[in-house]
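Enquirer: Structure for this input, please:
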Amino acid sequence: MAQFKCGDFSTCDVSHPGQPKTVTTTEINDQIHALMLEDSWILAKSIAGQLGISREQVGSITHEDLDMWKLSVKWVPKCLNVDQKRQRCHSSEQILEFFRPNPNDFLLQLVTMDETWLHDYDPETKQQSMEWWHSGSPRPKKF
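Expert: Presented below is the predicted three-dimensional model:
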């Protein structure tokens with residue numbers, strides 16, 4: 001604000017003597033890529049500490065130069081084989097046929113049995129399940 005009042009209307013940032021230099025070399029890119037391929041759960045903070053560069057530079061290199069992103073796994077209810085998928089489709093078709101003649105009374109006639117609640121505890125959080133992947137690769141799945 002003081003510079004504006006003095007007539008300085010410049011919108012460009014001036015360099016500061018303590019400002020870090022950002023130099024990206026193919027050697028650093030290769031080192032970062034090797035670390036990510038070795039351990040897909042590695043944190044950007046850890047990479048920065050090992051290579052002696054800033055965390056922001058690691059993020060810039062991984063996203064812009066290496067085209068890699070940290071993705072969390074896609075939660076899938078169950079890993080079904082082909083026969084199980086076919087059986088579920090067949091059951092759904094039977095329920096749909098049961099529904100079509102009388103949609104208003106459908107829920108009154110539908111009976112479910114053997115309802116069991118199972119609690120599954122997975123100590124791995126969404127953040128902990130994130131892995132480095134190239135942008136074109138399919139998203140990892142967790143059953």
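Enquirer: rest of the way, CA atoms for contacts and neighbours
Expert: Will do.
Enquirer: got a list of what Asp83 touches?
Expert: Going by CA atoms under 8 Å, 6 or more residues apart in numbering, Asp83 touches no other residue.
Enquirer: List the buried residues of whichever strand or helix holds it.
Expert: According to DSSP states H and E, Asp83 maps onto helix 82-99. Within helix 82-99, the residues that qualify as buried are Phe99, counting by 16 or more other CA atoms under 10 Å.
Enquirer: For that helix, output the C-alpha coordinates as CSV.
Expert: The C-alpha trace of helix 82-99 is given here as CSV (Å, rounded to 0.1, in the frame of the first residue of the first chain):
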residue,chain,number,x,y,z
VAL,A,82,-17.8,-63.8,-13.7
ASP,A,83,-20.3,-66.4,-12.4
GLN,A,84,-21.2,-64.2,-9.4
LYS,A,85,-21.7,-61.2,-11.6
ARG,A,86,-24.0,-63.3,-13.9
GLN,A,87,-26.0,-64.5,-10.9
ARG,A,88,-26.5,-61.0,-9.6
CYS,A,89,-27.7,-59.9,-13.0
HIS,A,90,-30.1,-62.8,-13.2
SER,A,91,-31.5,-62.1,-9.7
SER,A,92,-31.9,-58.4,-10.5
GLU,A,93,-33.9,-59.3,-13.7
GLN,A,94,-36.1,-61.6,-11.6
ILE,A,95,-36.9,-58.9,-9.1
LEU,A,96,-37.6,-56.5,-12.0
GLU,A,97,-40.0,-58.9,-13.5
PHE,A,98,-41.7,-59.2,-10.1
PHE,A,99,-41.9,-55.4,-9.9
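Enquirer: Show me the protein divided up by domain.
Expert: 24-75, 86-110 (automatic domain parsing).
Enquirer: CSV please, covering these and showing distance to Phe9.
Expert: Converted to CSV, those look like this (distance: least, CA to CA, whole Å):
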stretch, distance to Phe9
domain 24-75, 29
domain 86-110, 68
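Enquirer: which stretch in those is the model least sure about?
Expert: Taking each of those in turn, the lowest mean pLDDT turns up on domain 86-110, with a mean of 83.
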